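A.B. asks: okay, structure incoming, though there's no sequence with it:
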């Protein structure tokens, strides 16, 4: 049996990342080790680290260039509009303002400091 434990995304600035995920989204910090930060998200861990730090630990060449992201992180909140406005007012790029979907869910999209696509959504059901 294998359990899904955590996701690690590569970043350029740990301070900006902590400010976004802890300061704006309110995720509790579970652990910090140098440039590595883990956030407690419930059943799994969302973690971030710099490419440089990962290169120093494992023999794997991570490209310097970061292209358009192919991952989306979704965060559920009762107040999508409030969280969206906090992120927008902090100067982060927005993609889609809060929008009600045909199935009744409100969603909005923003980018984190490393241009990872972030979905903010209301609970379903």
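C.D. replies: That came through, no problem. Just so you know, these numbers come straight off a predicted model, no measurement behind them. Residues are numbered from 1 along each chain as shown.
A.B. asks: any weak-confidence spans in this protein?
C.D. replies: 66-69 (pLDDT under 70).
A.B. asks: which parts of it are helices?
C.D. replies: Ranges of helices within the chain are 14-18, 51-57, 80-89, based on DSSP state H.
A.B. asks: beta partners for the nearest residue to residue 75 once chain neighbours are set aside?
C.D. replies: Closest residue to residue 75 apart from its sequence neighbours, by CB to CB, 6 or more residues apart in numbering: residue 120 at 5.7 Å. For every residue, glycine as well, the C-beta is placed using N, CA and C. Assessed by DSSP bridges, residue 120 has beta-bridge partners residue 75, residue 108.
A.B. asks: pull up the gap between residue 120 and residue 12, please.
C.D. replies: 23 Å (CB to CB, to the nearest Å).
A.B. asks: how many other residues sit next to residue 55?
C.D. replies: 12 (other CB atoms under 10 Å).
A.B. asks: how about residue 88?
C.D. replies: Residues near residue 88, counting by other CB under 10 Å: 14.
A.B. asks: looks like it contacts residue 94 (just checking).
C.D. replies: Yes. Assessed by CB atoms under 8 Å, residue 88 is found in contact with residue 94 at 5.2 Å.
A.B. asks: okay, and the common contacts of those two?
C.D. replies: residue 110 (CB atoms under 8 Å, 6 or more residues apart in numbering).
A.B. asks: ranges for the strands of the protein?
C.D. replies: Assigned by DSSP state E, the chain shows strands spanning 6-11, 29-33, 36-40, 45-50, 72-76, 94-100, 106-111, 117-121.
A.B. asks: what's opposite residue 33 in the beta bridge?
C.D. replies: In beta-bridge terms (that is, DSSP bridges), residue 33 pairs with residue 36.
A.B. asks: among the strands of the chain, which is nearest residue 84?
C.D. replies: strand 106-111 (4.3 Å; CB to CB).
A.B. asks: what's the angle between the closest one and strand 94-100?
C.D. replies: Interaxial angle, strand 106-111 versus strand 94-100 (axes from the mean of the first three to the mean of the last three CA atoms, to 10 degrees): 170 degrees.
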